[in-house]
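# Take this sequence and fold it.
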Amino acid sequence: QVQLVESGGGLVQAGGSLRLSCAASGRTFSSYDMGWFRQAPGKEREFVAAISRYGGSTNYEDSVKGRFTISRDNAKNTVYLQMNSLKPEDTAAYYCARATYYGATDPREYNYWGQGTQVTVSS
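Numbers count the residues shown, from 1 in each chain. Have a look, this model is predicted:
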């Protein structure tokens with residue numbers, strides 16, 4: 001059973017930065033592509049970023065391009081989301097998930113999820 005645990009969320013002013021972490025259990029972390037999603041109250045869960053199993057490829061949702069960076073450290077079984085120039089509209093619960101294939105942006109293509117970490121950006 002895979003467990004994913006996010007951390008690093010919090011309250012930040014607009015223009016600030018946060019770094020989210022997602023620690024994964026298991027020995028096969030490097031075998032899987034990973035992604036980050038977010039969900040604001042009353043809205044559907046939306047794709048944020050994805051990274052291939054060895055980190056060589058990444059893709060981003062348009063509104064976060066140039067501001068967010070996804071990365072991973074397979075030796076630490078951890079995937080990160082560095083978020084800069086945060087905006088109030090980035091406020092949401094952020095989730096990491098394990099993809100069934102690289103490039104997936106539909107939540108249904110991810111089969112393991114963390115519990116989420118809240119990010120709140122004040123104006």
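# Got phi/psi on the most centrally placed residue in the chain?
What sits nearest the mean C-alpha location of the chain, by Cα atoms, centre = their mean, is W36, with 2.4 Å. Here is the backbone geometry of W36 (degrees, to the nearest 10): phi -120, psi 140.
# Please name the nearest non-neighbouring residue to it.
In this structure, W36 finds its nearest non-sequential neighbour in V48, 4.3 Å apart by Cβ to Cβ, 6 or more residues apart in numbering. C-betas here are computed from N, CA, C, even on glycine.
# for P107, same thing?
The nearest residue in space to P107 (Cβ to Cβ, 6+ apart) is R45, at 5.1 Å.
# before we move on, back to that, go ahead and confirm the residue nearest to W36 touches L81.
Yes - in this structure, V48 is within contact of L81 by Cβ atoms under 8 Å, at 7.1 Å.
# got any residues that touch both of those two?
W36, F68, Y94 (Cβ atoms under 8 Å, 6 or more residues apart in numbering).
# Looking at these, spot the one nearest Q115.
When those are compared for distance to Q115 (Cβ to Cβ), Y94 wins out at 10.7 Å.
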